[in-house]
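Novice: quick one, structure for this:
(2 chains)
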Amino acid sequence: MKPALSQFKKEIRHFSLVASMNLIIGVIAIAAGILYIIAAILGLTASLVTPELRVIAGAIALISLGLGVSVIHVTLGISRGLRAIKEKLVAEGPAVSDDRLTCQIVQMTVYYRDIRKTLGTIILIGPLCGFCVFILGIVNGLEAFSLTASGFSVTLDRRVMLIAQVITLAIVVASLLSSHYFTKFAMAWNHRIAEIDASECALKKTLGLDDQ
Amino acid sequence: MSGRRTVYEIYWEILVYCKTPRSFTAIINRCDLNSKLGQEYLGFLVSKEYLTIIVDGEKTIYQSTPKAAEYVTLFSSLYQKLFDTKLGFRL
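Specialist: Numbering: from 1, shown residues only, chains lettered A, B, ... in the order given. Presented below is the predicted three-dimensional model:
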C-alpha cells in the first residue's frame, strides 16, 4: 500500500474514533443535565447544602444539557462528511489508483476547509461539556460547604466521591483528550493547507499562468 | 465534488474526468460547476491545449491531451506528498 494511502486511511480512522468519543461525552452531558433537572423536579435535590447551591447546580445542569446537545449536533455534522469519504475509500478497496487517491485527498482538503470553523467550536465546547459534568458531580456530592474570610472548606459524601467523582473525572479527561486530538488534527491540516497554498506557484507555472 | 475548491483543484478534476471523452453537461455536473464557470474553465484548458474539442455530428465532447498529463502528475504528487510528512494526525 502506498504510504500516502495508509497514512490517509489511518488519519480518517483515528478522527472517527475521536468523533465517537466526543459523541459519548455529549450523550453523558445531556444525561447528567436531564437527570439533575428530573431530580430537582421530584424534589430529590433537597439534600443539597444551601438553596443557592441548588440554583447553581440547576444552572450548571441546564448548561450541561445545552452543551451536550451542541457537542452532538456539531460532531454529527462533522462525522457525516467524514463518513462519506470513509465509505468511498472502503469501496475503492486496497488497490487505489493514483487519480482516485488524489481525488480522496482533494475531497478531504475541501471537507477540511468547510469544517475548519466548526472544528474550532468543538475544540472549545468539548472540554466545557466535560467540566460541567464534573462540577455537577461535585455539587451533587457536597455534604458541607463553608466559606470564610480565611478560605473555604468542602466536605463530600465519601460514597459519591468514590464512584461518581471518578467517573466525572474520567469524562473531563476524555473531553480534554478529544479536544487535544481535534487540535492536533486541525494543526496537521492547517499545515497542509499552507503547503497547498505554497505549491500553487508550481501549478501556476505548469499551467502557464505565472506571467499573468 | 463540491465545497471550497481552488481553481487548480477544479482544473485537475476536469482533466482527470476528461481522460475519457465527456460532454459539456457531464463535466459541469460531475465537477459541480454552473455553465458560465464551466465555459470559463473549459475555455482556459482548451486555450492551453490541455483539452481538445472533438466534434461528433451535433455533439461536442472534450478530452484531455497528453500535455495535461504533466499537470495531473504534478498535482497528484504535490497532494500525495502532504501525507508523506510525519506531522500527520495520529492518536
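
Novice: let me see the ranges of the helices in the chain.
Specialist: You didn't say which chain, so I picked chain A. Using DSSP state H, the helices of chain A run over residues A:3-41, A:51-92, A:98-141, A:158-160, A:166-207.

Novice: nope, chain B
Specialist: B:7-17, B:24-30, B:35-47, B:68-81.

Novice: those helices into JSON lines, with extra columns for mean neighbour count, mean pLDDT and distance to chain A?
Specialist: From N, CA and C alone the C-beta is placed, and that goes for glycine too. Output for the helices of chain B, formatted as JSON lines (neighbours: other Cβ atoms under 10 Å in any protein chain shown; pLDDT from 0 to 100; distance: least, Cβ to the nearest Cβ, whole Å):
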{"stretch": "helix B:7-17", "mean neighbour count": "22", "mean pLDDT": "93", "distance to chain A": "5"}
{"stretch": "helix B:24-30", "mean neighbour count": "15", "mean pLDDT": "93", "distance to chain A": "11"}
{"stretch": "helix B:35-47", "mean neighbour count": "15", "mean pLDDT": "93", "distance to chain A": "8"}
{"stretch": "helix B:68-81", "mean neighbour count": "18", "mean pLDDT": "90", "distance to chain A": "4"}
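
Novice: can I get these in a markdown table with distance to residue A:34?
Specialist: Formatted as a markdown table, the helices of chain B follow (distance: least, Cβ to Cβ, whole Å):
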| stretch | distance to residue A:34 |
| --- | --- |
| helix B:7-17 | 45 |
| helix B:24-30 | 46 |
| helix B:35-47 | 49 |
| helix B:68-81 | 46 |
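
Novice: pick the most deeply packed of the helices of chain A.
Specialist: Most buried of those by mean neighbour count (mean count of other Cβ atoms under 10 Å in any protein chain shown) is helix A:98-141; its value is a mean of 20.

Novice: tell me which other helices or strands that one touches.
Specialist: On a contact count with 3 or more Cβ pairs under 8 Å, 6 or more residues apart in numbering or on different chains; DSSP states H and E, helix A:98-141 meets helix A:3-41, helix A:51-92, helix A:158-160, helix A:166-207, helix B:7-17, helix B:68-81.

Novice: same list, those, but as CSV with distance to residue B:44 please.
Specialist: Below are those laid out as CSV (distance: least, Cβ to Cβ, whole Å):
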stretch, distance to residue B:44
helix A:3-41, 29
helix A:51-92, 28
helix A:158-160, 68
helix A:166-207, 8
helix B:7-17, 8
helix B:68-81, 12
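
Novice: looking at those, which is nearest to residue A:116?
Specialist: Each of the helices and strands packed on helix A:98-141 has some distance to residue A:116 by Cβ to Cβ; the shortest is helix A:166-207, at 7.4 Å.

Novice: any idea how far the closest one is from the chain center?
Specialist: 14 Å (Cα atoms, centre = their mean, to the nearest Å).

Novice: how about residue B:22, what does it touch?
Specialist: B:30, B:61, B:62, B:63 (Cβ atoms under 8 Å, 6 or more residues apart in numbering or on different chains).

Novice: was I right about the second one contacting residue B:21?
Specialist: Yes. Under the criterion of Cβ atoms under 8 Å, residue B:61 is in contact with residue B:21, at a separation of 4.4 Å.
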